[in-house]
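> please work out how this folds:
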Amino acid sequence: MEAFDACDDRLVCQLHSHTSQLPGDENNAQLSRPELGPWMNCGEISLGLWLHRREAIFPLHTIQEGRKPFQVIIVIQVPPGGWNMRGYRRRCARARSAAMGQRYVVREAKTRQELDDIMTVIWAANYTPYEPFLQLYFPVLGYTTAHREAAIAESRERFWRQHQEDTFSHWFYAFDTVTSRAVGCAQWVVSTSNPFASGTPNLTAPWWPEGECRRFCESILNQVYRPRASWMTRPHCALNWMAVDPGHRLRGIGCLLMDVGVARADELDLECWLEASEMGKPLYEKFGYQSLLKVAFDNQKPNASDEWRRCAHEMTPPPIFTMWRPRKSLHAGGQGELRMPWALGTER
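Next up, the predicted model:
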């Protein structure tokens, strides 16, 4: 029997190990913390707790220790006063983050190879599920493997060049220490001065050949960035890209990448900004972002050509959400009414 604290200071689990009565199994092995890792985690326990009882008994779990399986019964004794489930869940989240943090390490990209690895993550993440924005930024101009490889090579070259030219750009990636490869990435642009001092830029897409597809892409991109250029005319921290390899999702990688940028913004006392998909919005809300505007893209054009209509059908992204996070000194103080970004004016 082993007793230990499980995520909450007031929650104690008693583990009873039982021999499986297999021939030759004379040793009733004792459980240790590492052996519990694969199956006993806070999420599983919280799903089965009987909160109305003083004691909750879980079903038998068969565990393989070497070649000798045995079973355990988990008995959770709830103190008379119960426990604070909000604190319990918070501690569970920290426990899961600690476990994932041991496997995934966040690093800042400094070399061309690191950024190439980041682009591999972006391509994989945006095809599962398929994200129309990918075709806007990285057009595959054909239907063969060679066309796709050419598009990947062009995107790597372009992003490396843009990163080198932008002194505010910081690319981070989550490195999987088990597989030794990048499995998540984020680009944080930390603007210590107003990036829109010259007004709202007219974005172009020179990576597209001249024609209707390029003009369609430019129309969408300018709709994406118009709210940012209109309201964020002050120093701020913007999340431009976030992607996680499909095989490593729901493991806290997004949170690790968010922590890096938010910590930097708080250190400099900067506002934060991003444009979010429906899938990413809940993650950003956990870090204090609030949705300001839902952008449904206008893909209509008078006397549109067949090529434009094809682009509208194939490449119009789903609606996005413009999201803003106030400066730490504002949202932490709790003094007075919070002023929204369009009311904060312009700073050089």
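> quick one: residues contacting Ser329.
Shown here is Ser329, whose contacts under the criterion Cβ atoms under 8 Å, 6 or more residues apart in numbering are Asp269. Every C-beta, even on glycine, is put in place using the N, C-alpha and C of the backbone.
> against Thr346, how distant is it?
Per Cβ to Cβ, to the nearest Å, Ser329 is found 19 Å from Thr346.
> phi, psi for Leu239 please.
Comment: the main-chain dihedrals of Leu239 come out as phi -90, psi 110, following degrees, to the nearest 10.
> what sits closest to it if chain neighbours are left out?
In this structure, Leu239 finds its nearest non-sequential neighbour in Leu274, 4.0 Å apart by Cβ to Cβ, 6 or more residues apart in numbering.
> could you identify the helix or strand that succeeds whichever helix or strand the one you found is part of?
Leu274 is part of strand 271-276 when elements are defined by DSSP states H and E. Going down the chain from strand 271-276, the next helix or strand is helix 281-286, by DSSP H and E.
> give me the helices and strands touching the following helix or strand past that following helix, please.
Scanning forward in sequence from helix 281-286, with DSSP H and E defining helices and strands, the next element found is strand 290-295. For strand 290-295, the elements it packs on are helix 212-231, strand 320-325, judged by 3 or more Cβ pairs under 8 Å, 6 or more residues apart in numbering; DSSP states H and E.
> and the last one, which strands flank it?
Looking back up the chat, that one is strand 320-325. Neighbouring strands of strand 320-325 in its sheet, by DSSP bridges, are strand 271-276 (antiparallel), strand 290-295 (antiparallel).
> quick one: Cys237 is in a helix?
No. Assessed with DSSP: H, G, I helix; E, B strand; the rest coil, Cys237 is strand; it does not lie in a helix.
> burial measure for it, as a count.
When counting by other Cβ atoms under 10 Å, one arrives at 26 neighbours for Cys237.
> tell me the contacts of the closest residue to Ser191 other than its chain neighbours?
The shortest distance from Ser191 to any residue other than its chain neighbours is 5.1 Å, reached at Phe168 (Cβ to Cβ, 6+ apart). Remark: with contacts taken as Cβ under 8 Å, 6+ apart, Phe168 is in contact with Val189, Val190, Ser191, Thr192, Pro195.
> restricted to helices, list these.
Where the contacts of Phe168 are compared with helices, as defined by DSSP state H, there is no overlap at all.
> quick one on the thing from earlier: tabulate the helices and strands packed on strand 290-295 (CSV), appending distance to Arg264, mean pLDDT and mean neighbour count.
Shown next, in CSV, are the helices and strands packed on strand 290-295 (distance: least, Cβ to Cβ, whole Å; pLDDT from 0 to 100; neighbours: other Cβ atoms under 10 Å):
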stretch, distance to Arg264, mean pLDDT, mean neighbour count
helix 212-231, 18, 97, 18
strand 320-325, 12, 98, 23
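> for those, which one sits closest to Arg310?
The closest of the helices and strands packed on strand 290-295 to Arg310 is helix 212-231. By Cβ to Cβ, the value is 8.5 Å.
> list the contacts of that closest one.
Defining contact as Cβ under 8 Å, 6+ apart, one finds that helix 212-231 is touched by 136, 139, 196, 199-206, 208, 238, 273, 275, 292-293, 295, 297-299, 301, 305, 307-308, 311-312, 315-317, 320, 322, 324, 341-342.
> now with 6 Å, please.
Applying Cβ atoms under 6 Å, 6 or more residues apart in numbering, the external contacts of helix 212-231 come out as 136, 196, 200, 203-205, 208, 273, 275, 293, 297, 305, 307-308, 311, 322, 341-342.
> from these, which would you call buried?
Among the contacts of helix 212-231, those classed as buried by 16 or more other Cβ atoms under 10 Å are Leu136, Phe196, Leu203, Ala205, Trp208, Trp273, Glu275, Phe297, Trp308, Cys311, Thr322, Pro341.
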